[in-house]
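[1] make a model of this:
(chains A and B)
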2 protein chains.
Amino acid sequence: MIKSMNDLVERAQALETKTLVVAVANDHHVLEAVHKAKEANIIKPILVGDEASILETLEDLGIEKEGYEIVHIVSDVEACETAVKLVSQNDGYFLMKGYVDTAVILRAALDKDYGLRTKNRISHVTVMEVPNYHKLLMMTDGAMNIDPDAAIKQEIIENAIVIANAIGIDEPKIGILAAVEKINPKMQATLDAETLVAKNQKGEIKGCIIGGPFALDNAINKDAAETKGITDPIAGDVDMLLMPQIESGNMFYKSMMFLAGAKSASVIAGATKPIVLTSRADSTDSKFYSIALSALIADIKQ
Amino acid sequence: MIKSMNDLVERAQALETKTLVVAVANDHHVLEAVHKAKEANIIKPILVGDEASILETLEDLGIEKEGYEIVHIVSDVEACETAVKLVSQNDGYFLMKGYVDTAVILRAALDKDYGLRTKNRISHVTVMEVPNYHKLLMMTDGAMNIDPDAAIKQEIIENAIVIANAIGIDEPKIGILAAVEKINPKMQATLDAETLVAKNQKGEIKGCIIGGPFALDNAINKDAAETKGITDPIAGDVDMLLMPQIESGNMFYKSMMFLAGAKSASVIAGATKPIVLTSRADSTDSKFYSIALSALIADIKQ
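    Numbering: from 1, shown residues only, chains lettered A, B, ... in the order given. Below is the predicted model:
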């Protein structure tokens, strides 16, 4: 049972070493975390990009170049294409964004010919260790899909189930969040919850137990759920929170990181291989945990 | 300077005692908090409702009836009307919801003839003491307005400035929240931020300093703002967060209360007198702090 970020790292260390391909790798923040993952024997790195810049970045960080495979490509677009192809064609490989615009790497990652597309659109999933919660808490999507409708929320859920499985949660309990726990036609999030719960009950969304609509407190606190008379057995004990829209997801993630002492690992899901796409504002620890999480996901045959 | 809920209570105690009128007062949870505020010399209570039920509730709680003025009215609707009229006609009075539907008390409170209407619609404001933030943090609106547009957000801000003033913040720094800090036409919250910042700069929204759009971290953490290259002087140091919509507001409030060890006081603003409208799920402390906050607001001539 993975109950903490440390457990997650240990599990990743116990696996066969995965290969992390960094696209446009001359990024100080990224290479710092990559090096930590390499030293922890979680990954073998391949750095794609301008060789001179990459070597300079490694030197700046005081990192020896031994153990780093470098694929020299000057153009950002071509570096992303090559990185994506390497990941796509090799088992146990996964992708990380370096010093390049998100749009550029995602265009390569989603290319119909050589990319990492699945039938679903991609989405952002975070696994959090929150001191005041009794187990790991997953959330999706606080970064990628702006205002998903119920159909897109289904894809977001399906993508996140794969991540849950990778960290040992076979059938995640997923709470569909809204501002209230009653269905209210004026609040789309509650109607989406109704749709998603029904689809789960009819077997159209499998591999999880969906409940909701929940206000946050009902989803994560049994006493709060009881006070409100909520009888759903997953109330107060969810593994995963489905966010109504990007603002609430982003805010919940940041409130946990900046005000609740949480640790987190994030990954882009819904691709055939995990994609690590961290933000400059993330700590080195968060980036390192994200690499470890992605190594676990890369271990699963999708 | 009020820096904590304790400071807020002490400030309320230092004022002339205010009169709290509870509509349909036979509510155990409400009377428990009312009694605490009475014992702390913050309020003198008037309980409106069915006298026998109110006396029974007090007895259940082991509270002596001395010091409680009871106005006997059996009908919930009439009890709300009478309570609202009492508050409307007397300086230093404010209103609290007892064992009655929110819709019923708000109908009375917003009556055009005898109610507590202002030119603005009403909104919900919370003042929070969050252990990991360096001062009190206000937020609005996580409970009342579902999906406010920029014009309604202006009213929500104007309402909340009155509350900020009541707790000694003369010119609150207000961060307009979104999922990102760049204006993005696909994200309405960022466009609303642009509008509100412009109105503030043109002097159309006064008595505050508005900044944004901010993602949460930029609003509350100076380092995060610097990492993102945000130069707005209020970044990382806001007094108040304006929420994009009810889901993010509700979720932020509950994440602070259930996962970040926060204490809070809430009030309905935008009426001529403060209205305490707590939820059953709120703790007695939260209800007590809400009464203390409202006593401070009732001290201001609006």
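
[2] how far does the strand or helix carrying A:E226 sit from its chain's centre?
    In this structure, A:E226 sits in helix A:222-227 according to DSSP states H and E. Relative to the centre of its chain, helix A:222-227 is centred 29 Å away, using C-alpha atoms, centre = their mean, to the nearest Å.

[3] got it, and stretch A:27-38?
    18 Å.

[4] the helix holding A:E226 - contacts with which helices or strands?
    Judged by 3 or more C-beta pairs under 8 Å, 6 or more residues apart in numbering or on different chains; DSSP states H and E, helix A:222-227 is in contact with helix A:216-220. In this view, the C-beta of every residue, glycine as well, is placed from N, C-alpha and C.

[5] do the helix it packs on and chain B meet?
    Yes. Among the residues of helix A:216-220, A:L216, A:D217, A:I220 lie within reach of chain B under C-beta under 8 Å from any C-beta of the partner chain.

[6] just the CA trace of that helix, in CSV.
    C-alpha atoms of helix A:216-220 as CSV (Å, rounded to 0.1, in the frame of the first residue of the first chain):
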residue,chain,number,x,y,z
LEU,A,216,-15.5,18.9,-0.6
ASP,A,217,-16.1,18.3,3.1
ASN,A,218,-18.6,15.4,2.4
ALA,A,219,-16.0,13.7,0.1
ILE,A,220,-13.1,13.8,2.5
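
[7] can you list the neighbours in contact with it?
    Helix A:216-220 has contacts (C-beta atoms under 8 Å, 6 or more residues apart in numbering or on different chains) with A:133, A:137, A:175, A:177, A:181, A:211-212, A:224-225, A:228, A:230, A:235-236, A:238, A:241, A:252, B:250-251, B:254-255, B:257-259, B:281.

[8] now do it: distance to the chain's middle.
    21 Å.

[9] again, but for stretch A:276-283
    11 Å.

[10] so which bits of it are buried?
    A:V276, A:L277, A:T278, A:S279, A:A281, A:D282 (16 or more other C-beta atoms under 10 Å in any protein chain shown).

[11] can you show me the helices along the stretch 201-302 of chain A?
    A:216-220, A:222-227, A:246-259, A:284-298 (DSSP state H, counting those that start in this stretch).

[12] how about the residues of the stretch 201-302 of chain A near chain B?
    Residues of the stretch 201-302 of chain A that fall close to chain B, judged by C-beta under 8 Å from any C-beta: A:215-217, A:220-221, A:224, A:227-228, A:244-252, A:254-261, A:280-281.

[13] buried members of the residues of helix A:216-220 next to chain B into ChimeraX, please.
    Buried residues among the residues of helix A:216-220 next to chain B (16+ other C-beta under 10 Å), as a ChimeraX selection:
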select /A:216,217,220
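
[14] so what would you say the end-to-end distance of stretch A:92-102 is?
    23 Å (C-alpha to C-alpha, to the nearest Å).

[15] average pLDDT for the host helix or strand of A:E78?
    Following DSSP H and E, one finds A:E78 within helix A:76-89. Mean pLDDT, computed over helix A:76-89, is 98.

[16] who's in contact with it?
    By C-beta under 8 Å, 6+ apart, helix A:76-89 touches A:21-24, A:46, A:48-50, A:71, A:73, A:93-95, A:100-101, A:104-105, A:107-109, A:111, A:114-116, A:272-273.

[17] let's have the helices of the stretch 201-302 of chain A in TSV, adding distance to B:L15 and mean pLDDT.
    Listed next are the helices of the stretch 201-302 of chain A as TSV, based on distance: least, C-beta to C-beta, whole Å; pLDDT from 0 to 100:
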stretch	distance to B:L15	mean pLDDT
helix A:216-220	32	97
helix A:222-227	32	94
helix A:246-259	31	98
helix A:284-298	46	97
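
[18] separation between whatever residue of the stretch 1-150 of chain A ends up closest to chain B and A:V24?
    Proximity of the stretch 1-150 of chain A to chain B (C-beta to the nearest C-beta) peaks at A:N132, 4.7 Å away. To A:V24, A:N132 is 38 Å away according to C-beta to C-beta, to the nearest Å.
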